[in-house]
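In: next input, structure requested:
(one chain, ligands or ions: 1)
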Amino acid sequence: MTTPAFSAGQARVARELRAAGCVFAEDEARLLLSAAATPKELAAMVERRVLGLPLEQVLGWAEFCGIRVAVEPGVFVPRRRTEFLVRLAAGLAREAAGRAGRAGDPVVLADLCCGSGAVGAALAADLVADLGQVVLHATDLDPAAVRCAAANLAAFGGRVREGDLYEPLPPELRGRIDILTVNAPYVPTSEIELMPAEARLHEPRIALDGGTDGLAIQRRVAAGAAAWLAPVGCLLIETSQRQAAGTVAAVANGGLLPRVLSSDELSATVVVGTKPI
Ligand SMILES: C[S@@+](CC[C@H](N)C(=O)[O-])C[C@H]1O[C@@H](n2cnc3c(N)ncnc32)[C@H](O)[C@@H]1O
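Out: Sure thing, here's the model as predicted:
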């Protein structure tokens, strides 16, 4: 049961947060109060939130696909819509695991532009429950993201490497990846200034900026995918409805068979590219 002191504290924090423009001030106040070990720590957390840091960076974690993912300051906060990418990837991974001729080999997953590692962690958490074991690799250009992802993927034996897209992956993975997930930056450069301040000011530019039309990194991912995918392996790229045609073209140019899937519930769009046999 909530004590009167807790309620009074929560109301005070909620007032401060509301005054700073936080829309879900009551919920945030409750989360901050439960996360802070001391009044001093609470005051510091409230101050950072009032200054505009994303709530998840203040708390040190984000909820994603029902798990808690550690998020360091300066690391991209996983978005709810990306849960659609995970859902699709999990279904395709199960199909891959059930395919004839695997002889019990674990499904091989790779997540490029992994950020906090949220996609890989959620996927592995879902799959290990019934597949028992998965092989999981992830890469990111940003050392802070790599540190964060390494912590989040350790429980699943995931390996996280720093570098550009495929470059840090071990060469023996070529032709062996069953499921390649990618939520690369896809905001067109000119639209970054229109983003909410939380993202614009507190997430790194390399996590957001997808170049002139937003698709520069997706094109590089798609061009390299066929060499790394196993036969019938799948590349899944998060995109927007508006940019989907461009993502499809990139995936087709990379020699994969593209299809577009979307979720109204999550306002999410994913292009899946399958490597032909
Ligand atoms: C939009 S964030 C997505 C992070 C994570 N996949 C997620 O959904 O939460 C994009 C990430 O791509 C990384 N990134 C940008 N360019 C990259 C590149 N050329 N190679 C590897 N990672 C890159 C950024 O550092 C950032 O962590």
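
In: all contacts plus neighbour counts: C-alpha atoms, from now on.
Out: OK.

In: that's a strand at Leu261, yeah?
Out: Yes. Checked against DSSP: H, G, I helix; E, B strand; the rest coil, Leu261 lies within a strand.

In: now it, nearest residue through space, not along the chain?
Out: Val270 (5.4 Å; C-alpha to C-alpha, 6 or more residues apart in numbering).

In: OK, contacts around the one you found?
Out: Residues counted as contacts of Val270 (C-alpha atoms under 8 Å, 6 or more residues apart in numbering) are 84-85, 236-240, 244, 260-262.

In: surely it forms part of a helix?
Out: No. Checked against three-state DSSP, Val270 lies outside a helix; its state is strand.

In: near the ligand, which residues of the stretch 101-250 of the chain?
Out: 113-116, 118-119, 139-142, 145, 163-165, 183-185, 206-208 (C-alpha under 6 Å from any ligand atom).

In: again, only this time at 8 Å
Out: Within reach of the ligand by C-alpha under 8 Å from any ligand atom, the stretch 101-250 of the chain has these residues: 111-119, 139-142, 145, 162-166, 182-186, 204, 206-209, 217.

In: which among those residues count as buried?
Out: 111-119, 139-142, 145, 162-163, 165-166, 182-186, 207-209, 217 (16 or more other C-alpha atoms under 10 Å).

In: so where do the strands sit in the stretch 151-277 of the chain?
Out: Per DSSP state E, counting those that start in this stretch, the stretch 151-277 of the chain carries strands over the ranges 159-162, 177-182, 229-239, 257-263, 268-274.

In: Lys40 is nearest to which of those?
Out: Minimum separation from Lys40 across the strands of the stretch 151-277 of the chain (C-alpha to C-alpha) falls at strand 159-162, 34.8 Å.

In: give me the number of residues near the nearest residue to Ala121 once chain neighbours are set aside?
Out: Among residues not flanking Ala121 along the chain, Leu153 sits closest, at 5.6 Å (C-alpha to C-alpha, 6+ apart). Neighbours of Leu153 under the rule other C-alpha atoms under 10 Å: 25.

In: one more: Arg102?
Out: Using other C-alpha under 10 Å, Arg102 has 11 neighbouring residues.

In: take the strands of the stretch 151-277 of the chain and lay them out in a markdown table including mean pLDDT.
Out: Below are the strands of the stretch 151-277 of the chain laid out as a markdown table (pLDDT from 0 to 100):
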| stretch | mean pLDDT |
| --- | --- |
| strand 159-162 | 98 |
| strand 177-182 | 98 |
| strand 229-239 | 97 |
| strand 257-263 | 98 |
| strand 268-274 | 98 |
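
In: rebuild those strands as TSV, extending it with distance to Val58.
Out: Listed next are the strands of the stretch 151-277 of the chain as TSV, based on distance: least, C-alpha to C-alpha, whole Å:
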stretch	distance to Val58
strand 159-162	24
strand 177-182	26
strand 229-239	26
strand 257-263	29
strand 268-274	26
